[in-house]
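> Provide a 3D model corresponding to the input given below.
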Amino acid sequence: MDKKQGSVLLFDKHKYGLLIAGLVVTALGFVLMIGGGSEDPAHFSEEIFSFRRLTLAPILVLAGYVIQIYAIMKKTSNTAEKKKGK
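Numbers count the residues shown, from 1 in each chain. Model (predicted):
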């Protein structure tokens, strides 16, 4: 009954890297959405309908969220069973 339980970290180095990569991709998507308005309110600017703002940026934001969710849900490689075997 004298079992010692080792501390198991929820995130290892690889999972932190994936999480940070997802955050960077999400931030890049939001940065690409910035702008497109005209300086003169009486003049309409077609820049708002560019490929970058309507297609590329939302895809990057969604891809960043998918990477972050994957990083959170991925099984951790440093479990207690591995530590017992060492």
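> hey, let's count contacts and neighbours off CA atoms from now on
Fine.
> and the helices in this structure, which stretches?
Using DSSP state H, the helices of the chain run over 13-33, 51, 57-73, 80-85.
> okay, now Phe49: neighbour count?
11 (other CA atoms under 10 Å).
> hmm, Ala71 is touching Ala21, no?
No. Using CA atoms under 8 Å, Ala71 is not in contact with Ala21, being 9.6 Å away.
> and these two? Which one has more around it.
Counted by other CA under 10 Å, Ala71 and Ala21 do not tie: Ala71 has more neighbours, with 21 against 16.
> enumerate every residue touching that one.
Ala71 makes contact with Lys15, Tyr16, Leu18, Leu19, according to CA atoms under 8 Å, 6 or more residues apart in numbering.
> what is the neighbour count of the first one?
So that's Lys15. Close neighbours of Lys15, defined as other CA under 10 Å, add up to 20.
> could you find the closest non-adjacent residue to it?
Among residues not flanking Lys15 along the chain, Ala71 sits closest, at 5.4 Å (CA to CA, 6 or more residues apart in numbering).
> repeat that for Gly29.
Among residues not flanking Gly29 along the chain, Ala57 sits closest, at 4.3 Å (CA to CA, 6+ apart).
> tell me which residue lies nearest the centroid of this protein.
In the chain, the residue lying closest to the centroid (CA atoms, centre = their mean) is Gly22, at 2.0 Å.
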